[in-house]
Structures are given as C-alpha cells and as structure tokens.
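Student: The sequence and its predicted three-dimensional model are supplied below.
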Amino acid sequence: MWMTNETLLSQKTGSRRIKRFVIHSLALALAAGCRSGDAEHRSNVSPSLAFPPELVRVVNPFEVLDEAGNRYAHPTLGGLNVPRPQLIDIDHDGDLDLFIQERSGQIMFFEHVAGLDATEFVWRTDHYQGLDVGEWYRFVDMDDDGDYDLLAEEPFSHIRYYRNDGTPGEPSFTLAADTLRDPAGKAIFSDRQNIPNVTDIDCDGMLDLFLGRLDGTVSRYEERGADENGVPRFRLVADRFERIEIVAQIGSRHGANTIAFEDVDHDGDQDLFWGDFFEPGLLFIENRGSCTSPVLRGEPVAFPLERPLKTSGYNAPTFGDVDGDGDLDLLVGVLGGAFNPNLTAADNLLFFEGDADGTFTQRTARYLSGIDIGSESIPALVDLDGDGDLDLLLSNKIDPANLRTSRVYRFENQGTPRNPSFRLTGTLNLSGSYHYAPTFGDLDGDGDVDMLLGSWSNDVAFLRNTGTTTEAEFVLEDSTFVSLTRGSNSTPTLGDLDGDGDLDLFVGEASGTLNYYRNDGTPQSPNFVLVSDRYNDIDVGRRSFPTLVDLDRDGDLDLVVGTAAGELKFFRNVGTPQAAEFVPDPAFTFTVGGYATPVFADIDGDGDLDLFSGGIGGGLLFFENRAVAR
C-alpha cells in the first residue's frame, strides 16, 4: 500500500525503480538503516515539504472510467446512501441547481453552470454556507420576497427557520427562529424522521405547512400572521388532512415519510406525493379539485403511473425541468426502508425524464455518476501490474449486486505516476465474507506484493501472490493468519516499526482500539507475535482504521487512525526508525466524513502526500495536498 515514495526515490537516484513492489514503509526503514544518527537523518529527509499537509477536497481530480469506458462526472464524490434531493434555482440565473442531504446537519450543493448541458451539475460544497439542517431541509420562500428561505430540523423534532437576508442571486441565510410556532406561541412538533413540505394548497396567498405523521396521516397548518420578528405563525387547520391515511403494502405499518407537492397533471392545482419507509414505491394522490378548492381524497396509486418506481423503500421526490425542454422531470432519492436498503446502497438517485404527454421514463439510477460500490468503502493503493504507477482497490461492507459477500473492486491506473487515469476492470476473486479490508506488502520476499485481508470477524487472512510482477494473482493461504483476542471488523496495516527489514502489523477493530503484532520472523517468512491488544491505550471511539505513513517526513513512520465519526487522529513517531514511539499530536487534525479509512499517496507525482479515504457512502474521497514547500 505504501509505495508512495518509491518513484521519488528512484528519481533521486537516477534509476527508474529501486525494486518493484517494495512498499513505502519497508523502503523507508531500509533507507533509515543505512544512516547513523537519528537527528542527522531527520534533518535530511525532505526538508522542503511543509507540515501539516494542506488537504483540499476535490471531486473530479483525475479521470476515472467505469467498465464500459464512460467517464465518471464526480468520481470522488464519496458515494450516496440516503440522498435527499431538492431542485431549485438558488442563484436566480434561470436554471435549476441541486441540493442533496446525505449527512446529518449538512447539505451538499451542486450548481448548474451556464454553458453546461442542462442536466450537468458542478459540485461546490459538502456543507452549503455552513448551515446546520439536522435531519431534513426544505427551501421555500417563506416571506414572499422573491428568494428562497430555508426550513430545517431543530433537534429534536421541531422546525428551524433560516431567513434569506441576501438577494435572489446571492443568498445569505440568517437564523430567524429556532422553531416555527402557532399563533399562541406553542412550538410546532414535526417528527424528525419525516420530511415535511410547504405550499399554498388553496391559492389564497398564505402558505400551508404539511407534516406527515408516523400513523400515515397528514397534518395541515396554515399561515396566520407573523411574530414581532417577522417569523410566520401557523395555525393547525386539520389533524387528518383530507382524511388521508397511508396504509403500506406489507400491512398496516407506517413509518418515516416524505411529502412533496407538484402540479404533475398541469391542471392548475397541487397534487401530493408520499414516500414511506414501508412502501417500496412512490405514492401519488391526485388533486381532483381546483386551485382554490383542493380535493385529495382519492386512493393513493403508485407513481409513475406507466411504470411505477420500485426500490428498497422511503423515497424522497423532487420535481423540476432539469433538461430545459419545458416539461417536468423527476429526481428521487432512495433513503432505504423496509425492503433491504443494501440493495440500493449504490443505485439510489433516480432520474425520470418527463415527456410532453405527461409520462415519465427512468434514465438512470445514479444521477450523479461517481464511484459508488455500496457502503463503508475502504481504499488501497498498490502497483499490481508493475508499470510504475499506483492502482486503486476499493472494498465494501456488502456488495449490492450479491448480498452474500463483500467485494474488492479494481481500478487499474492506465495513466502515469504524474497523471493518473483509472478504469474499473472488475473485482478480485474473493467472496464469502463481509467488510473486506485489504492491505499489501511483500511478506514472502519474492519481490511482489502479498495481501492481508481483514473482514467483519476477528480474523486477518493471508493471501499469497502467486502471480508475476506484471499481473498479481492472490491465493488464500490462511484464513486465520492472525486472530484478534477480542473485537471484530479487523482492519490491518503493515510497516517496519523496528528497523529489522520485515513488516510489522497494526490491526484496528470495531471497538476503536489497536492491536500491535511484531514480526519475529524474517522478510521471507513472517511470524506475527501479539505485543498488545490495546496498544498504548489508544482508543479513538469506534471503528479504528490505522495507517502507517511518514506524514511529517522526518524519516520514520507515523500513525494515522481513522474513526467511525470521520475524524483522523495523528500520532507522531517521536522514537526512531528502529524503535517507534507514538504520541498524540494535534498538529494535524482532519475530518473526512463518516467512517474514515485513510490512505496517503503521492498520486500526482508532485512530491507530497495526498489523501484518499473511503466512507459510509461507499465511494471514494480525495483530498489534494496543496501545502506550500518551505
């Protein structure tokens, strides 16, 4: 995994490669062993490289192709599991922009830029204007001033109101109220797992607030004046609006839900759409009344009418003319409900093109095309084909296409060490377990990389590379090569921590602690001996994912540990290449998002370490190191 500096080392020595398949940690340890005096050694290792690294999120840093050769538009977006979309023209430039909530408290923003195809969006941020939206959000013009305000969840189960004090073209949001209230000043309760909506259902110029309830009914509130700060008040009009009661297909159960309104039949009134945790599709209730006298008492039917949507449940719709052809299109985020969300861990942002006759045709289940292999992804970078550049492997928790196993996907680097270009070429021949976590190193001294493979259990498997230096082939040799004394979700990483020329082993686990195994064998025959199953009393919370890398570039391996919360914890090696000693160091702190699985590599050949990480979304995150050399 750690071949990062091999190319740099070969450039300094004038040779193309010192040795194929030598991992970074081993090469670094051997280099350190050739020097005497740690202080002298540290002062001579990459003194021009700045620390800490300045890591900048990039979602389209290099070309990545799928198996068919199609280029991903957002390759390192990170994947989506529970996307909650909304299409609006937030910058008032005449086209629709896209917001998506994937994480609690944050909204992603994708701008449609003039000159692009109408269906193409440019990622701008993972956390729009730093706004805290809790578990849901909804843009709506609350004060009738021509720009979008924002409603969001006020934890727990109330309705926060951000007023747009900017302009239609340059929005700027100010927290105006911690919750909406009724005319008596009582806070309006809204179940936090439900996504409400606002519209003027009866065309009287006053907004109506609709809240889906856990029993399948809908509450309607109507705007009634405002408080002294201009925040609208809402009066309860109906606890059971239009006597609607959603009964799920699998019985009388009800659950989390989302409401949307749209005049989908172009008759001048608002129709209602409902996505439910216990409903595999999207329900449609036609407004059979008029704009001033709505009637929504018909039986809910599956939508689209011609070919109803069918997913794992809890579908969140948004409508808009995405392609600019004058008719409505439909975008649906699949949050996953009672019908096995693992099936839609990758195919969960569905785009339906609207036609002039009012029909909808599904065009894709991955509207924002990017690497997405399900959930809880783990990357590894290693030169598998001996061509001098790093290939990418990405494993998942469980494969959406085969729920009986995890998979390790291979993206071959068909570019160069300075200009990477990856293409998905299939999966490794591994199956039968979950939460695969691979790491690589030459464990038998034959010049190619072998694999240690963590999984959901407490075991780490050993797979010997029986292929060649130009084409790896991994064969399982021992499924319980290392077994944790306690814990599960093993995540191994290799590095020579005692300068004896062989690779030692750290293994993370679900509890957040670390296991350290010293290699008392040889470079040709490893023998991992447990030193500590709670190394240095390090405990990062949940799901520790260790990686060994010389992050401060002082000639020895430091320790970076990813966490379930998405944080990276840095432990500086204050020892020597022959005797590692790790201490917590706040000089480097970083957050990548849920379930951080960090890997560092100089992917662009500029001499510094960039950051890759998997995550809860099942994709790949990339952060370019833009630190200025000292």
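Tutor: Thanks, I have it.

Student: Just give the nearest non-adjacent residue to Asp608, would you?
Tutor: Asn625 (4.3 Å; C-beta to C-beta, 6 or more residues apart in numbering). C-beta: built from backbone N, CA, C; applies to glycine.

Student: beta partners of the one you found?
Tutor: Taking DSSP bridges, one finds Leu55 as the beta-bridge partners of Asn625.

Student: Quick check: it vs Leu497, distance?
Tutor: For Asn625, the distance to Leu497 (C-beta to C-beta, to the nearest Å) stands at 24 Å.

Student: And for Ala579, the neighbour number?
Tutor: A count of neighbours around Ala579, defined by other C-beta atoms under 10 Å, yields 12.

Student: quick one, which of Asn625 and Leu497 is more surrounded?
Tutor: The residue with more neighbours, out of Asn625 and Leu497, is Leu497; 28 against 21, by other C-beta under 10 Å.

Student: residues in contact with that one?
Tutor: Residues in contact with Leu497 (C-beta atoms under 8 Å, 6 or more residues apart in numbering) are Asp504, Arg518, Leu548, Leu557, Ala580.

Student: Can you convert those into JSON lines and add a column each for pLDDT?
Tutor: Converted to JSON lines, these look like this (pLDDT from 0 to 100):
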{"residue": "Asp504", "pLDDT": "98"}
{"residue": "Arg518", "pLDDT": "97"}
{"residue": "Leu548", "pLDDT": "98"}
{"residue": "Leu557", "pLDDT": "97"}
{"residue": "Ala580", "pLDDT": "95"}
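
Student: who wins for most neighbours among those?
Tutor: Ranking those using other C-beta under 10 Å puts Leu548 first, with 30 neighbours.

Student: Quickly list what that residue is bridged to.
Tutor: Leu559.

Student: The chain should start at 42 in everything you say after this.
Tutor: Will do, 42 is the new start, and the previous item becomes Leu589.

Student: circling back to that earlier point, ok, the contacts of Leu538 vs Leu255, which is closest?
Tutor: Leu589 (47.9 Å; C-beta to C-beta).

Student: and Thr632, how many residues sit next to it?
Tutor: 11.

Student: ok, so what distance separates it from Leu337?
Tutor: For Thr632, the distance to Leu337 - C-beta to C-beta - is 44 Å.

Student: Check Ser418 too.
Tutor: 42 Å.

Student: which residues does the closest residue to Arg527 other than its chain neighbours contact?
Tutor: Among residues not flanking Arg527 along the chain, Asp574 sits closest, at 6.5 Å (C-beta to C-beta, 6+ apart). By C-beta under 8 Å, 6+ apart, the residues touching Asp574 are Leu525, Thr526, Arg527, Gly528, Thr554, Asn556.

Student: Also Cys332?
Tutor: With C-beta under 8 Å, 6+ apart, Cys332 has these contacts: Asp243, Cys244, Gly309, Asp310, Gln311.

Student: just to revisit the earlier point, what are the phi and psi values at the residue nearest to Arg527?
Tutor: Main-chain torsions, Asp574, degrees, to the nearest 10: phi -100, psi 10.

Student: do the same with Phe318
Tutor: According to degrees, to the nearest 10, Phe318 has phi -60, psi -40.

Student: right, and it touches Gly378 too?
Tutor: Yes. Assessed by C-beta atoms under 8 Å, Phe318 is found in contact with Gly378 at 3.9 Å.

Student: Give the helix, strand or coil label for the nearest residue to Asp206 once chain neighbours are set aside.
Tutor: Using C-beta to C-beta, 6+ apart and skipping residues adjacent in sequence, the residue nearest Asp206 is Thr215, 4.9 Å away. With DSSP: H, G, I helix; E, B strand; the rest coil as the basis, Thr215 sits in strand.
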